[in-house]
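Peer 1: Return atomic coordinates for the entry below.
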Amino acid sequence: ENIKTQLSLMSLIEDKFSVENLEISSKSLDLKNLISFLRSFQNTSELFILEKAIKKGYLISDIKLEFDSNGKIKNNFEINGFIKDVELNIFKKYNLQKIDFIFNIKKSEFLVKDLNFEFNNIKFVSDKVSIEEKNDNFFVAGTLAHKKSDLDKRNINLLIKPFLPNFEIEKILLTSNNNFSFEVQKGFEFRNFKTDSDILIHQLLLPNNFELKKFFPKQKKTISFLNQKLKLLFENNNFTIQGNGNLLYQNKNDDIKYFFSNKNKTENFEITLKIKDNPFKVDYLNYKKKKESEVILNFKGSKNKNSELVIETFNLNENKNYIEVKNLVFNEQFQITKLDIVNLDYLDQGNQKNSISLKKNKKKYYLTGSSLNVDNFIEDLLSNNDESSKITDINSNLEIDIKKIFLDSEYYLTDLKGEISIKNSEIHKAELIGSFSKNKKLKLTINSYNNNKITTLFVDEAKPFVKRYKFIKGFDEGSLDFYSSKKSKKSISQIKIYD
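Peer 2: Numbers count the residues shown, from 1 in each chain. Next up, the predicted model:
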């Protein structure tokens with residue numbers, strides 16, 4: 001549209017390069033042709049990269065150039081203008097198009113303002129992006145935001161999967177605001193990528209691959225994270241995610257708050273889950289959340305380089321009910337390999353008080369407390385069910401001293417004492433003695449040798465055990481002598497009842 005220049009008369013007389021400066025104000029120009037024209041004056045690396053990357057686009061600009069006596073462009077050049085409808089061809093998996101922005105170009109500096117573009121069909125905006133050249137490398141920094149977007153599978157793999165590699169995402173609908181920076185080295189090698197992002201996840205849908213119906217009876221086939229407010233920090237392949245929102249994995253929403261980090265191949269996490277209108281239970285503790293109450297679960301732990309899951313602390317709070325676990329370690333088979341402390345203080349489904357403590361001292365465990373309901377444990381014992389023992393991979397001795405043991409809703413023992421030895425994830429040896437009223441006793445022994453496990457149980461008060469066998473009717477008094485021999489997964493049991 002307009003070209004203005006200043007000539008040196010002396011240089012013109014002496015037949016030298018006489019153009020001192022050049023100012024160009026353009027109408028809409030083909031961007032690729034313009035860059036080719038500029039390279040004819042000075043073939044800089046910046047212009048070479050731009051020419052190769054641009055597939056199409058248009059430019060309106062004001063260009064100011066100054067020349068030295070040899071006709072080369074001086075370093076104080078400046079280009080201001082507006083870019084419209086640009087399409088870039090950088091990588092096959094990235095589709096950048098409909099790029100509009102205002103720009104300012106100086107030596108070693110490229111400033112972009114009011115940027116709008118589509119990346120793989122997602123609309124983005126940016127207030128500012130700066131590109132600076134230092135020692136043949138380019139340093140890029142800026143802001144980036146997008147409105148509510150429903151990501152397809154390709155964009156999930158490109159944009160989300162690097163941060164959450166272990167999650168199979170079915171659907172994600174989100175909004176984000178980001179600050180970012182990275183370095184581009186020779187050969188388009190990207191280094192030192194950093195981002196600080198505020199993300200609103202309207203919906204994140206994951207397949208539910210967890211078998212947790214023993215804890216969450218109304219478990220769905222999918223897990224939905226709703227209205228999640230996230231803070232994401234990423235730097236040099238290390239990241240932290242902090243957020244909160246709603247979680248739908250049973251019939252109604254629960255509240256979740258979380259923190260995840262991945263640093264030097266160690267994953268750390270903390271999760272707080274508030275369950276109000278959904279059920280929650282722990283069968284082997286005979287614990288069940290009351291319908292009208294709220295349960296708060298808190299996990300804090302890590303996953304280390306050996307693929308061990310370490311629960312540093314776990315807490316359950318429901319009104320006066322409290323469960324605490326410290327330093328619980330699972331191996332890859334999800335067996336418990338370490339456990340330091342368990343504190344239980346709660347009313348179970350039978351309205352029985354459970355108040356005990358399990359603590360490790362060196363290589364030995366101590367189970368002590370005022371009361372414990374073992375109704376479910378007796379069922380497992382009499383049915384020869386070893387499934388509960390297979391969840392552990394701990395070889396240790398357990399010393400027991402509990403003041404009151406509930407056998408069911410009617411009968412109880414006092415002063416249960418003894419010791420249990422665990423080897424190869426099973427009870428290897430045990431001896432427990434407790435008392436009923438009127439000097440009546442209970443004695444349990446387990447002995448293992450030559451792949452044969454012998455279990456004996458003698459009780460002077462037989463009714464709380466005998467009534468569990470439906471084929472025995474009308475027995476109210478007397479004693480019970482139980483014997484079981486188990487070898488190679490085959491067991492033979494006999495019960496003797498004395499009036």
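
Peer 1: quick one: contacts for the spatially closest residue to residue 121 that is not a sequence neighbour?
Peer 2: Counting by C-beta to C-beta, 6 or more residues apart in numbering, residue 95 is the residue found nearest to residue 121 once chain neighbours are left out, at 7.3 Å. Glycine gets a C-beta too; all of them are placed from N, C-alpha and C. Residue 95 makes contacts with 118, 119, 120, 121, as judged by C-beta atoms under 8 Å, 6 or more residues apart in numbering.

Peer 1: OK, contacts around residue 392?
Peer 2: Residue 392 makes contacts with 335, 336, 337, 422, 425, as judged by C-beta under 8 Å, 6+ apart.

Peer 1: my guess is the last one contacts residue 336, does it?
Peer 2: No. At 9.2 Å, residue 425 and residue 336 do not qualify as touching, with contact defined as C-beta atoms under 8 Å.

Peer 1: residues shared between the contacts of those two?
Peer 2: Common contacts of residue 425 and residue 336 (C-beta under 8 Å, 6+ apart): 392, 393, 394.

Peer 1: And what about the last one, helix, strand or coil?
Peer 2: Same thing as residue 394. Under the three-state scheme (DSSP: H, G, I helix; E, B strand; the rest coil), residue 394 adopts coil.

Peer 1: While we're on the spatially most central residue of the chain, how confident is the model there?
Peer 2: Centroid-nearest residue in the chain: residue 260, 5.6 Å away (criterion: C-alpha atoms, centre = their mean). If you check residue 260, the pLDDT there is 93.

Peer 1: Nearest residue to it in space, please, no chain neighbours.
Peer 2: Distances taken as C-beta to C-beta, 6+ apart place residue 241 nearest to residue 260, at 4.5 Å, with adjacent residues excluded.

Peer 1: what's the burial count for the one you found?
Peer 2: Residue 241 has 20 neighbouring residues, counting by other C-beta atoms under 10 Å.

Peer 1: Ok, residue 432 next?
Peer 2: 19.

Peer 1: if we can go back for a sec, filter the contacts of residue 95 down to the ones in strands?
Peer 2: Applying DSSP state E to these, the entries found in strands are 118, 119.

Peer 1: By neighbour count, sort out the buried ones in the contacts of residue 95.
Peer 2: With burial judged by 16 or more other C-beta atoms under 10 Å, the buried subset of the contacts of residue 95 is residue 119.

Peer 1: quick check, nearest of the contacts of residue 95 to residue 110?
Peer 2: residue 119 (18.9 Å; C-beta to C-beta).

Peer 1: The nearest residue to the closest one once chain neighbours are set aside and residue 116, how far apart?
Peer 2: Among residues not flanking residue 119 along the chain, residue 96 sits closest, at 5.8 Å (C-beta to C-beta, 6+ apart). Residue 96 sits 12 Å away from residue 116, taking C-beta to C-beta, to the nearest Å as the criterion.

Peer 1: who's more crowded, these two?
Peer 2: Using other C-beta under 10 Å as the criterion, residue 96 and residue 116 rank with residue 96 on top: 18 against 13.

Peer 1: dump the residue contacts of residue 226.
Peer 2: Residue 226 makes contacts with 201, 202, 203, 204, 245, 246, 247, 248, 253, as judged by C-beta under 8 Å, 6+ apart.

Peer 1: In a markdown table: the shared contacts of residue 425 and residue 336, plus pLDDT and distance to residue 349.
Peer 2: Putting the shared contacts of residue 425 and residue 336 into a markdown table (pLDDT from 0 to 100; distance: C-beta to C-beta, whole Å) gives the following:
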| residue | pLDDT | distance to residue 349 |
| --- | --- | --- |
| 392 | 73 | 24 |
| 393 | 72 | 29 |
| 394 | 79 | 28 |
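
Peer 1: Quick check: residue 51 touching residue 37?
Peer 2: No. The criterion here is C-beta under 8 Å, and residue 51 misses it with residue 37 at 10.3 Å.

Peer 1: neighbour count winner among those two?
Peer 2: Legend: neighbour count by other C-beta under 10 Å for residue 51 and residue 37, higher for residue 51 (17 against 12).
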